[in-house]
Structure formats: C-alpha cells, structure tokens
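In: only geometry, no sequence info:
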C-alpha cells in the first residue's frame with residue numbers, strides 16, 4: 001500500500017472519530033482493521049504524517065535498478081540472437097552465470113514484465129492422479145536412465161498437401177535433453193532408424209516410455225503379439241513401458257516437449273520447403289540442448305551404453321534367451337465392464353489385445369503390469385501409499401510371435 005494512502009486513511013479516521021463515529025463504523029468504512037483505526041485516532045498530526053516502516057519511498061527492498069537493467073539487457077540480447085528459449089528461468093540463469101551473483105527467478109519475471117518484454121501467461125496446474133493410485137514412486141525407480149518418444153504430426157506447409165511427421169525423443173532422467181527428428185512416416189521402421197542414429201552419441205536408456213500406437217507395438221491386430229520396435233528394444237536391453245491408453249499425461253515429459261517444439265519452432269518459424277525444415281530443426285535441437293544444460297544442470301551418466309556397443313547383435317531376433325531383458329511394463333486404468341452397480345459389473349484391462357478381468361473395486365484405478373517373457377507370466381500390481389507394489393493377480397501369458 002502506498003504511503004500517501006496510509007496517511008490519508010489516518011487523517012480520515014481521526015476526522016470521522018472527532019465527528020462521533022465509532023471505531024467499528026470507521027473500520028468498516030475505510031476497509032481497515034479495528035486495531036489500526038484505534039491507533040490512528042490517538043495519533044498526533046505529526047505522527048500521522050510520519051512513516052516509520054523501515055525503507056524509503058521508491059527504494060527496492062532487495063534488488064537494485066542496475067540489476068533490473070542487466071536483466072533487461074540479457075533478455076534483449078537473447079531476442080537479438082533469435083533464441084528459442086528466452087523465458088525468465090533462462091534469463092535468470094544467464095544473469096547468475098554472467099555476474100556470479102544469485103537473483104530469484106521471480107525477480108527476473110517481474111523485471112521482464114515491468115519492461116514490457118513478455119506477456120504474462122497463466123500457470124498451468126500440474127499433478128498426477130494420486131486418487132487413482134497412479135504408481136508414481138514405482139515409475140521413479142524404474143531404471144536409472146528413462147526416456148520417452150512420441151510422434152508429432154502430421155504437419156503441413158502452407159499450400160502443400162504433403163504430410164510432414166516428426167519423432168520427438170525426450171530424456172526424463174537423469175538428464176532432461178530433448179531431440180526432434182523429421183521422419184517420412186509414423187512407422188516402427190522410422191522410429192527404429194531414428195533411435196539407432198540417436199543412440200550412437202546419446203546414452204541408451206534402461207526404460208523407454210511409449211504410447212499404444214501400432215507403430216510402437218502397443219496394439220497389433222493379432223492378439224498377444226509384439227511389434228518390431230519392441231523386439232529392437234528387448235535385444236538392446238531396454239524395457240518398453242506402455243502408458244495407459246487415452247492418457248497422454250502419463251507421458252507428460254515428452255508431451256510437454258512436444259508443446260515446446262510446436263510453440264518455439266513450428267508455430268514461430270516460417271518455412272519455404274522441407275529442406276529449410278531440416279536445417280532449422282538442427283538449430284532447435286542445439287538450442288534445446290544448451291537450454292537443458294543451463295537450466296537442469298544435467299548429471300553425468302556413469303558408464304553409459306551406446307548403440308555401437310552392440311555390434312553383431314540381431315535387432316530382429318525373436319529368441320527369448322537372446323534378449324538382453326525379458327520384461328515389458330504396462331500402465332493401465334481398470335475400466336468397467338457391465339452395468340454400474342449391477343451383478344454383471346466387473347473391472348478389466350487390455351494387454352496386447354487380451355482382456356483380463358479384475359475385481360470390481362479396482363475400477364478407475366491404475367495398475368502396473370509386468371510381463372515376463374522368459375517365465376511367460378503377467379503380474380498385475382497396484383501401488384500403496386508408501387510406494388510398494390501389491391500383487392493383485394498373476395496369470396500365464398505367452399507371446400505368440402517369439403520363440404521361448
């Protein structure tokens with residue numbers, strides 16, 4: 001509240017009190033606390049004019065105008081460089097790196113707004129469906145290196161009917177890097193080609209999160225069969241993790257990265273042809289890598305594995321005993337079968353085209369499923385409040401298109 005307003009309220013309170021108004025009535029009229037009004041009416045004229053709150057009018061409590069100018073200059077320089085990432089977080093970290101002193105991200109955000117360098121956007125609400133027993137703690141312990149992929153598109157250039165597709169690749173932990181590659185179509189072959197090239201210089205993850213797209217092998221026309229991408233991963237020692245159908249937030253890291261790609265790249269730039277896209281997308285990937293290292297302070301991965309470490313391996317191998325890993329993970333929401341509240345009401349999930357009946361009290365809850373290809377069984381679990389998996393069902397489950 002401005003000092004002049006405080007002083008005017010004090011004067012008005014004393015004036016009304018001298019006219020016979022009660023403290024309660026003055027408090028309500030001035031929208032002020034009764035204790036404050038009680039003090040104001042006892043003040044002398046000199047006390048009313050004084051303000052002893054501890055700082056001079058117009059003086060910043062913590063930061064200086066010089067610092068604000070520096071924030072403004074950093075933001076403007078990022079804009080001149082046509083950087084993809086120019087938000088308050090990036091500006092703040094650049095300031096710290098440049099001047100070797102800490103400032104808060106909120107101060108950078110306020111300064112950018114004050115200098116009319118950014119529109120304020122409403123913060124998105126985030127959170128997982130804990131009330132649905134979402135197995136967050138189990139997922140956080142599933143592999144030291146986790147990554148997710150997703151197709152983007154099709155997109156179209158203005159005046160063209162040619163489809164343009166991308167494969168988005170996002171590391172979840174311990175690094176946060178993201179890479180987007182243009183692909184000729186949304187197929188398993190294209191996904192394998194991108195990952196094969198990508199993992200020559202980027203570490204192979206322990207777990208790869210994917211949706212249930214047919215190209216990723218989550219849903220095939222033939223029951224209990226796995227696709228080419230799944231075989232490729234198993235032969236590399238990567239556990240596929242299929243998220244729950246129609247629940248893209250389960251793959252929130254890559255979905256968020258897709259949003260950044262659309263906002264900072266596809267919707268921001270204008271392209272004359274696909275060759276120009278190929279050039280610009282390299283710039284975007286480099287910019288995001290710098291952004292990731294600047295903001296997330298990526299940890300060093302000890303003894304990472306790369307695709308060249310697997311020379312001589314048949315990535316199309318279907319012999320179970322030659323797989324580097326023998327597990328596939330599935331996240332599923334238990335759906336309702338039958339009429340609610342009726343005798344025929346049951347819960348069920350679908351794994352690789354097979355419906356599995358579960359207890360009624362599991363309806364609308366998440367289950368974490370582990371398919372062991374070597375033992376030919378499927379274990380269905382829920383996660384309790386302490387993050388432990390509780391087994392609720394175990395069934396025989398044999399994959400048809402592999403040899404055991």
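Out: Received, thanks. As the structure is a computational prediction, the values presented were derived from the model and not from experiment. Residues are numbered from 1 along each chain as shown.
In: mind listing the strands for the stretch 1-150 of the chain?
Out: Along the stretch 1-150 of the chain, counting by DSSP state E, counting those that start in this stretch, strands occupy 146-155.
In: likewise the stretch 251-400 of the chain?
Out: So, for the stretch 251-400 of the chain - with DSSP E, counting those that start in this stretch - the strands run 327-333, 335-337, 346-351, 354-358, 366-372, 377-383, 389-396.
In: tell me the strands beside the first one, with direction?
Out: When pairs are called by DSSP bridges, strand 327-333 turns out to pair with strand 239-242 (parallel), strand 366-372 (antiparallel).
In: mind checking those for the one nearest to residue 295?
Out: strand 239-242 (25.4 Å; CB to CB). The way it works is simple: take the backbone N, C-alpha and C, and place the C-beta from them, glycine included.
In: can you give the contact residues for the closest one?
Out: With contact meaning CB atoms under 8 Å, 6 or more residues apart in numbering, strand 239-242 is reached by 139, 142-143, 206-212, 216-218, 229-230, 233-234, 325, 327-331.
In: ok so, going back, and among the strands paired with strand 327-333, the most buried is which?
Out: Most buried of the strands paired with strand 327-333, by mean neighbour count (mean count of other CB atoms under 10 Å): strand 239-242, with a mean of 24.
In: circling back to that earlier point, now, the contacts of strand 239-242 that are in helices?
Out: 139, 229-230, 233-234 (DSSP state H).
In: nearest to residue 149, of these?
Out: Using CB to CB, these come closest to residue 149 at residue 229, 9.2 Å.
In: check contacts around that closest one.
Out: Contacts of residue 229 (CB under 8 Å, 6+ apart): 188, 191-192, 210, 215-217, 240.
In: dump these to a markdown table, plus pLDDT and distance to residue 225.
Out: Converted to a markdown table, these look like this (pLDDT from 0 to 100; distance: CB to CB, whole Å):
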| residue | pLDDT | distance to residue 225 |
| --- | --- | --- |
| 188 | 95 | 13 |
| 191 | 96 | 17 |
| 192 | 96 | 17 |
| 210 | 95 | 16 |
| 215 | 88 | 14 |
| 216 | 90 | 13 |
| 217 | 81 | 8 |
| 240 | 97 | 14 |
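In: a markdown table for those, including distance to residue 171?
Out: What follows is the contacts of residue 229, written out as a markdown table (distance: CB to CB, whole Å):
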| residue | distance to residue 171 |
| --- | --- |
| 188 | 21 |
| 191 | 16 |
| 192 | 18 |
| 210 | 14 |
| 215 | 21 |
| 216 | 18 |
| 217 | 21 |
| 240 | 16 |
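In: now flag whichever of these is closest to residue 96.
Out: residue 210 (36.7 Å).
In: any weak-confidence spans in this protein?
Out: 1-5, 49-61, 119-130 (pLDDT under 70).
In: how's it carved up into domains?
Out: 3-49, 65-114, 129-301+313-404 (automatic domain parsing).
In: residue 307 is nearest to which of the ones you listed?
Out: Residue 307 lies closest to domain 129-301+313-404 among these, at 4.2 Å (CB to CB).
In: who's in contact with the residue nearest to residue 237 when sequence neighbours are not counted?
Out: Computed as CB to CB, 6 or more residues apart in numbering, the closest residue to residue 237 that is not its neighbour in sequence is residue 324, at 3.2 Å. By CB under 8 Å, 6+ apart, the residues touching residue 324 are 234-238.
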